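Student: build me a model from this:
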Amino acid sequence: MNKRTAFLLIALGVSAQAWAQDEADALRYSRLTTGGTARTQAIGGAAGSLGGDISATHVNPAGLGFFRTSEVVITPGFNFRSNKQDYLGTRTDASNSNFTLGNLGIVFGMPTSNSSSGWRNVAFSLDYNRLADFNNKYYIDGVNTTTSYVDRWVDRLNNNGSPLSFNDAASIDPLGASLAFNTYLVDTINGGYATWVNPTLPGGIRQRDRVSTEGGLNEFSLGMGANYSDKLYVGLSLNFPTLRYERSRTFAEDDLSGDNNNDFAYFEHTERLKTDGVGFNAKIGAIYAPVPNVRIGASFHTPTWYNMRDATTARVQVDTEGYQPDGQSERYQDTEELTDGLPVEYEYSLQTPWRAMGSFSYIFGTDPDVKQQHGFITADVEYVDYASAKYRFNKGTEGDRDFARQLNNSMDNLYKGAVNIRVGGELKFNVIAVRAGYAFYGSPYQNSEVEANTQKISGGLGYRNKGFFADLTYVHTMSKDQYQPYTLAGSKIAPATVNGTVGSVLMTVGFKF
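Tutor: Numbers count the residues shown, from 1 in each chain. Alright, predicted model coming up:
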């Protein structure tokens, strides 16, 4: 923990509960789909037993053992996103688009020098791969007649029946509750804290939540694969993922009662979060070919261990109408006014789930004459234990460690293991190949009533001739999920349902040498 972070924690007496880490963050960095080259994505990401593609570094590194020559590849792409949200019976739309670099790498394939050895060849890869793209937008809008976003700040200041002192209330949570207290959105009433926001009044309150996110999760890898007697292929990759996640969010509530004398007109809470992380994981695998046409693969991915840092600022702006203890109805406050101009920073560790995979491929036509029609079908079945994600706040206070235990227990109760299925195939006509694929990623939630699966339908074309190859792919992603705008102890808050689609166009260009 650096000096600036330590100073903030000591001076403010705050804990991790005051800011960003929650179950959704752990899921965001754990719920990954197969990226890589356009060829791999065209066949649904099913790269566990096929081999011969640099994407194997991140799926089953044993696939590198099929390389007898060297190659360099690059995969740029473009994404079109669209989300349809439904919150409290109101439907809204949001969309955005962005360029991306999906893959960049080099493979060195080399035959072994000992002709009497069963080891035929070995390959090494150096590769960059984008595992997740966080560029997105959400917008929900609805009328709430039961709870307010401000209720969570009231609960925080009331501290389970032992209200905080005025001094603590004014500084303990520079990202939310203290800003609400200092702007009179939350005030002292009868020895405790309460808000002027009352959703039970006729008309209720209008809630709007606008979220814009940027960034991605990228993995830099060193891989090795080897071929023994053209039957057994083994591989290992050491991977160094880096993530950047930036979120700008504005949650607003407006009084719909029509009463101009109830001391509340509106408020807005704007929050800006920047998360950076660096991690490590390893992947091992094997592929066995009992006959030339059949390949059976298995691989295991260790958990990823991340060191994370959050930097967050916020603002509360409010209009309390006739309630003007400072002579005005509209006022605002920023986090930096409570933190000597600095963002609130926190460092912590996150362990994302392990993964295990079984794969099968059948090759049509193994004749070395490429003018003969070739093709394959391939499939991966993957198990991911989302409940095994863990936070550690071991450098903080005892309150931080307690909060980590609460989060980890909550994830044990909220998430479960999920099965992901990827299938694909290719038909090759001389130098032209036609590909198609499908992928299904299961819901990570224990609650079977929550629809939160992701499906991908893909197709593409490939060209290979005289050491040059180019692949063009389109992937259509359809996802269902829930978005929880806020939580309250002892109250069930209706989530927003989110139906998202992403259209991705990507192209891989490569050269063999």
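Student: what about the longest helix in this protein?
Tutor: helix 398-414 (DSSP state H).
Student: low-confidence ranges in the stretch 101-250 of the chain?
Tutor: The stretch 101-250 of the chain contains residues with pLDDT under 70 at 115.
Student: the helix or strand just after the longest helix of the chain - which strands sit beside it in the sheet, and in what orientation?
Tutor: With elements assigned by DSSP states H and E, the helix or strand that comes after helix 398-414 is strand 417-429. Neighbouring strands of strand 417-429 in its sheet, by DSSP bridges, are strand 374-385 (antiparallel), strand 432-441 (antiparallel).
Student: can I get the ones you listed in a markdown table including mean pLDDT and mean neighbour count?
Tutor: C-betas here are computed from N, CA, C, even on glycine. Below are the strands paired with strand 417-429 laid out as a markdown table (pLDDT from 0 to 100; neighbours: other C-beta atoms under 10 Å):
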| stretch | mean pLDDT | mean neighbour count |
| --- | --- | --- |
| strand 374-385 | 95 | 20 |
| strand 432-441 | 96 | 20 |
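Student: next, format the ones you listed as CSV and append distance to Ala470.
Tutor: Putting these into CSV (distance: least, C-beta to C-beta, whole Å) gives the following:
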stretch, distance to Ala470
strand 374-385, 18
strand 432-441, 11
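Student: in the stretch of helix or strand Arg249 belongs to, which residues are buried?
Tutor: For Arg249, the element it lies in under DSSP H and E is strand 232-255. By neighbour count with 16 or more other C-beta atoms under 10 Å, strand 232-255 contains the buried residues 232-237, 239, 241, 243, 245-247, 249-255.
Student: where do the helices sit along the stretch 151-300 of the chain?
Tutor: 151-158, 166-171, 177-182 (DSSP state H, counting those that start in this stretch).
Student: out of those helices, flag the one nearest Asn260.
Tutor: Nearest of the helices of the stretch 151-300 of the chain to Asn260, taken as C-beta to C-beta: helix 177-182 at 21.4 Å.
Student: from Ser361, how far off is Ile377?
Tutor: 7 Å (C-beta to C-beta, to the nearest Å).
Student: equivalent analysis for Glu253, please.
Tutor: Distance from Glu253 to Ser361, by C-beta to C-beta: 55 Å.
Student: got it, and Trp153?
Tutor: Taking C-beta to C-beta, one finds Trp153 at 55 Å from Ser361.
Student: one more: Gln455?
Tutor: In terms of C-beta to C-beta, Gln455 sits 22 Å off from Ser361.
Student: compare the two (neighbour count), which wins?
Tutor: Ranked by neighbour count (other C-beta atoms under 10 Å), Gln455 and Ser361 place Ser361 first, with 24 against 13.
Student: measure that one to Gly63 for me?
Tutor: Look at Ser361 and Gly63: by C-beta to C-beta, they are 10 Å apart.
Student: do the same with Trp196
Tutor: 62 Å.
Student: could you give the bridge partners of the residue nearest to Pro163 when sequence neighbours are not counted?
Tutor: Take Pro163 and drop its neighbours on the chain: the residue closest to it by C-beta to C-beta, 6 or more residues apart in numbering is Gly192, 4.8 Å away. Beta-bridge pairing for Gly192 (DSSP bridges): Ile189.
Student: quick revisit: dump the longest helix of the chain to CSV, restricted to CA.
Tutor: C-alpha atoms of helix 398-414 as CSV (Å, rounded to 0.1, in the frame of the first residue of the first chain):
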residue,chain,number,x,y,z
GLU,A,398,-9.7,-5.8,10.6
GLY,A,399,-12.8,-4.2,9.1
ASP,A,400,-11.4,-4.8,5.6
ARG,A,401,-10.7,-8.4,6.4
ASP,A,402,-14.2,-8.9,7.8
PHE,A,403,-15.6,-7.3,4.6
ALA,A,404,-13.6,-9.7,2.4
ARG,A,405,-15.0,-12.6,4.4
GLN,A,406,-18.5,-11.3,3.9
LEU,A,407,-17.9,-10.8,0.1
ASN,A,408,-16.4,-14.3,-0.2
ASN,A,409,-19.3,-15.9,1.7
SER,A,410,-21.8,-13.9,-0.4
MET,A,411,-20.1,-15.2,-3.6
ASP,A,412,-20.3,-18.8,-2.3
ASN,A,413,-24.1,-18.3,-1.9
LEU,A,414,-24.6,-16.3,-5.1
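Student: quick one: mean pLDDT for it?
Tutor: The pLDDT scores in helix 398-414 average 82.
Student: what is it packed up against?
Tutor: helix 23-28, strand 390-392 (3 or more C-beta pairs under 8 Å, 6 or more residues apart in numbering; DSSP states H and E).
Student: residues of that helix that come out buried?
Tutor: Neighbour-count burial for helix 398-414 [16+ other C-beta under 10 Å]: 400-401, 403-404, 407-408, 411, 414.
Student: one more: stretch 32-52?
Tutor: By 16+ other C-beta under 10 Å, the buried positions in stretch 32-52 come out as 32-52.
Student: buried ones in stretch 327-339, by neighbour count?
Tutor: 331, 333-335, 338-339.
Student: now those in CSV, with secondary structure and pLDDT?
Tutor: Output for the buried residues of stretch 327-339, formatted as CSV (DSSP: H, G, I helix; E, B strand; the rest coil; pLDDT from 0 to 100):
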residue, secondary structure, pLDDT
Arg331, strand, 94
Gln333, strand, 96
Asp334, strand, 96
Thr335, helix, 95
Leu338, coil, 94
Thr339, coil, 93
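Student: in CSV: these, plus distance to Gln21.
Tutor: Formatted as CSV, those follow (distance: C-beta to C-beta, whole Å):
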residue, distance to Gln21
Arg331, 29
Gln333, 23
Asp334, 22
Thr335, 17
Leu338, 20
Thr339, 18
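Student: could I get the full set of strands for the stretch 251-400 of the chain?
Tutor: Applying DSSP state E, counting those that start in this stretch to the stretch 251-400 of the chain gives strands spanning 266-288, 294-301, 305-319, 330-334, 344-351, 355-364, 374-385, 390-392.
Student: one step back: tell me, what's touching Ser361 and Gly63 both at once?
Tutor: Shared contacts of Ser361 and Gly63 (C-beta atoms under 8 Å, 6 or more residues apart in numbering): 49-50, 297.
Student: for Gly51, grab phi and psi.
Tutor: Here is the backbone geometry of Gly51 (degrees, to the nearest 10): phi 80, psi 170.
Student: with Asp53 instead?
Tutor: phi -140, psi 140.
Student: can you check Leu185 too?
Tutor: When read as degrees, to the nearest 10, the backbone of Leu185 gives phi -70, psi -40.
Student: ok, it - contacts?
Tutor: If you count contacts by C-beta under 8 Å, 6+ apart, Leu185 has them with 150, 153, 195-197, 267, 316, 318, 320.
Student: with respect to Thr497, which of these is nearest?
Tutor: Using C-beta to C-beta, Val150 comes nearest to Thr497 of these, at 23.9 Å.
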